[in-house]
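Asker: Quick one, structure for this:
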Amino acid sequence: MNIFDTWLCNQFIAHRGLHDAESPENSKLAFKNAIDNNYAIELDVRPLADGTLVVFHDETLGRLTGKDGFISNFTYEDIKDLTLLKTNEHILTFKETLDFVDGKVPLLIEIKNSGKVGFEKNVWKILSKYKGEYAIQSFNPYSLEWFKTNAPHVKRGQLASFFKGPEFKGQDIGFIKRYALKRMLLNKKVSEPNFISYQGDNLPNRFVKKYSDLPVIAWGIKSQEAYNKVKKYCNNIIFENFTPTDN
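Answerer: Just a heads-up that it's a prediction; the model follows:
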């Protein structure tokens, strides 16, 4: 099937699930809300110290749990009882998440890896048994290359941005990495993506225009006004904090 005819282009994608004050991001309640509204779900996967894969966006635990420390330094036993944003929701393992969604809506899975490739094989070990629709994406071209080599049938997206604004505050993104990822210089020889996920505030731009044969998903869309501005430059959006409409 032509990728432009799939859910990646035709079904709005809820950023970290359909979250609100009672349903924290990347939580079971946020995923239930997305399923109930028939939105595809974007989620984040990263490893713990014991190799357990969890669905969690930040490198540190503080913002979402109030506990200090980098999440990668903890085991699942250490964090399993932590609650998200003072609710009763807990950090989900990747397997728990797949079991819960169970193919009800498609999943866009972001591989959170800013270093060396390694845990991708563990993501695939779990994901290969999943029967629902999904695709993966990452800022790291080498994570995508791993899937290109080991699971080439899995649709993969190159995440990119101008790397400005509050989303990147405090992140150590060196000039060379920022230069290369902004321009997606490793697309052709390394990641060879099936689609591009570019920050909506940075669209349109000349770097994306070079890949007119690939679908473009605009991420970071937080209002109908923002969607209206970007819709003619993209095929779909990853949204939060509003209910998108094409009317």
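Asker: going forward, measure contacts between C-alpha atoms and count neighbours the same way
Answerer: Will do.
Asker: Bridged to V45, which residues?
Answerer: V55, I111 (DSSP bridges).
Asker: looking at the chain, which helix or strand does the model trust least?
Answerer: helix 175-183 (a mean of 94; mean pLDDT, DSSP states H and E).
Asker: got the CA positions of it in PDB?
Answerer: Taking Å, rounded to 0.1, in the frame of the first residue of the first chain, the C-alpha atoms of helix 175-183 are listed here in PDB:
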ATOM      1  CA  PHE A 175      26.600  22.400  16.900                       C
ATOM      2  CA  ILE A 176      27.600  19.600  14.600                       C
ATOM      3  CA  LYS A 177      24.700  17.300  15.600                       C
ATOM      4  CA  ARG A 178      22.300  20.200  15.500                       C
ATOM      5  CA  TYR A 179      23.600  21.200  12.000                       C
ATOM      6  CA  ALA A 180      23.300  17.700  10.600                       C
ATOM      7  CA  LEU A 181      19.900  16.800  12.100                       C
ATOM      8  CA  LYS A 182      18.300  20.100  11.100                       C
ATOM      9  CA  ARG A 183      19.300  19.500   7.500                       C
END
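Asker: For my notes, confirm E77 occurs in a helix.
Answerer: Yes. Membership of E77 in a helix is supported by DSSP: H, G, I helix; E, B strand; the rest coil.
Asker: what about it, how many neighbours?
Answerer: Counted with other C-alpha atoms under 10 Å, the neighbours of E77 add up to 9.
Asker: what kind of secondary structure is G132 in?
Answerer: G132 - assigned by three-state DSSP - is coil.
Asker: meant to ask about S197
Answerer: Here S197 is recorded as strand under three-state DSSP.
Asker: Wait, it touches R156, no?
Answerer: No. In this structure, S197 is not within contact of R156 by C-alpha atoms under 8 Å, at 9.9 Å.
Asker: any common contacting residues for these two?
Answerer: Between them, S197 and R156 have Q137 as joint contacts when contacts are counted by C-alpha atoms under 8 Å, 6 or more residues apart in numbering.
Asker: picking that back up, got the angle for the least confident helix or strand of the chain vs strand 195-199?
Answerer: 120 degrees (axes from the mean of the first three to the mean of the last three C-alpha atoms, to 10 degrees).
Asker: Lovely, talk soon.
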